[in-house]
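Peer 1: Structure of the sequence below:
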Amino acid sequence: MSNLLIVIPAYNEEKNIVRVVERLQTEYPQFDYVVVNDGSRDSTPELCRRHGFHMIDLPVNLGLAGAFQTGLKYAYRRGYDYAIQYDGDGQHRPEYIQPMLEKMQEGYDIVVGSRFLSEKKPRSMRMLGSNLIELALRLTTGAVIHDPTSGMRMFNRSMIEEFACGMNYGPEPDTLSYLIKNGANVAEVQVKMDERMAGVSYLTPVNAAKYMVRMLLSILLIQNFRRRNP
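Peer 2: Numbers count the residues shown, from 1 in each chain. Predicted coordinates for the structure are as follows:
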């Protein structure tokens, strides 16, 4: 068993999941992985079973937070030192896992795969939202996270335990804010991400706007009242 687990939450990813997992198996067999099928209504679980993929098959849709926490509970119980959040839609590139792991081993708790550490953000409404979240994080924690909405994040053992044993730990910027306030050391590694291979993202313009507003309110207000479990 490797000391790193790739956690792949998947909801209705029948057009992508085989390609994503087979690339990991072929090119990066040194890393373990698990697909967390989040109550998909398409053939995602059937394809995973047919190809013999390692899978946790949730009977209902829990959403990204529930699926990811399920993966980290698995990582915690299996004794992994590191776990990485990895999209099942083909946007994340596996060649950046090793550089993120090397950065993590310098002593960080969380490493974010950042699209904008050394590259400028394009001008768009979505990037405006990202800039606002970046500013909110800076104002509330003092930390500068250039790509706070990146879904490619790696966690060490203590963070795995935090997600596995705590409540309400979604893999989102507001949780990042909360963990930094509680002493987590966060670094970024420059990565590139691809466009979704197939299928439709849930982040429509309307959903993206709602997401940004929710994150801003949570970071600037709600996290101030959050208490850590002993």
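
Peer 1: Which parts of the protein are strands?
Peer 2: For the chain, applying DSSP state E gives strands covering 4-10, 32-38, 55-58, 82-85, 110-114, 153-156, 186-190.

Peer 1: The third one - contacts with which helices or strands?
Peer 2: Based on contacts counted as 3 or more Cβ pairs under 8 Å, 6 or more residues apart in numbering; DSSP states H and E, the elements that strand 55-58 packs against are strand 32-38, helix 44-50, helix 63-78. Any C-beta I mention is one placed from the backbone N, CA and C, and that applies to glycine too.

Peer 1: mind listing what the first one pairs with, with the direction of each?
Peer 2: Yep, that's strand 32-38 we're talking about. Using DSSP bridges, the strands paired with strand 32-38 in its sheet are strand 4-10 (parallel), strand 55-58 (parallel).

Peer 1: and G90, which of those is closest to it?
Peer 2: With distances scored as Cβ to Cβ, the stretch of the strands paired with strand 32-38 nearest to G90 is strand 4-10 (10.8 Å).

Peer 1: S177 against L139, yeah?
Peer 2: No. With contacts counted by Cβ atoms under 8 Å, S177 stays clear of L139, the gap being 10.0 Å.

Peer 1: ok, the two, which is more surrounded?
Peer 2: The neighbour comparison of S177 against L139 (other Cβ atoms under 10 Å) goes to S177, with 25 against 10.

Peer 1: Next up, the contacts around that one.
Peer 2: By Cβ atoms under 8 Å, 6 or more residues apart in numbering, the contact set of S177 is A136, L137, T140, T141, S218, I219, Q223.

Peer 1: again, 10 Å this time
Peer 2: Counting by Cβ atoms under 10 Å, 6 or more residues apart in numbering, S177 makes contact with 133, 136-137, 140-141, 143, 145, 148, 215, 218-220, 222-223, 226.

Peer 1: any idea how far H92 lies from V191?
Peer 2: For H92, the distance to V191 equals 8 Å [Cβ to Cβ, to the nearest Å].

Peer 1: Can you pick out the residue with more neighbours from the two?
Peer 2: More crowded of H92 and V191, by other Cβ under 10 Å: H92, with 24 against 21.

Peer 1: how near is L24 to G88?
Peer 2: Here L24 is placed at a distance of 11 Å from G88 (Cβ to Cβ).

Peer 1: ugh, typo on my part, it should be A65
Peer 2: Here A65 is placed at a distance of 15 Å from G88 (Cβ to Cβ).

Peer 1: the more surrounded of the two?
Peer 2: The neighbour comparison of A65 against G88 (other Cβ under 10 Å) goes to G88, with 26 against 16.

Peer 1: so who does that one touch?
Peer 2: Listed by Cβ under 10 Å, 6+ apart, the contact set of G88 reads 8-13, 16-17, 19-21, 35-38, 40, 44, 67, 197, 199.

Peer 1: Mind checking which of those are buried?
Peer 2: The neighbour count (16 or more other Cβ atoms under 10 Å) marks 8-13, 16-17, 20-21, 35-38, 40, 44, 67, 199 as buried among the contacts of G88.

Peer 1: rewinding a little: nearest to I110, of the contacts of S177?
Peer 2: Nearest to I110 among the contacts of S177 is I145, at 9.6 Å by Cβ to Cβ.
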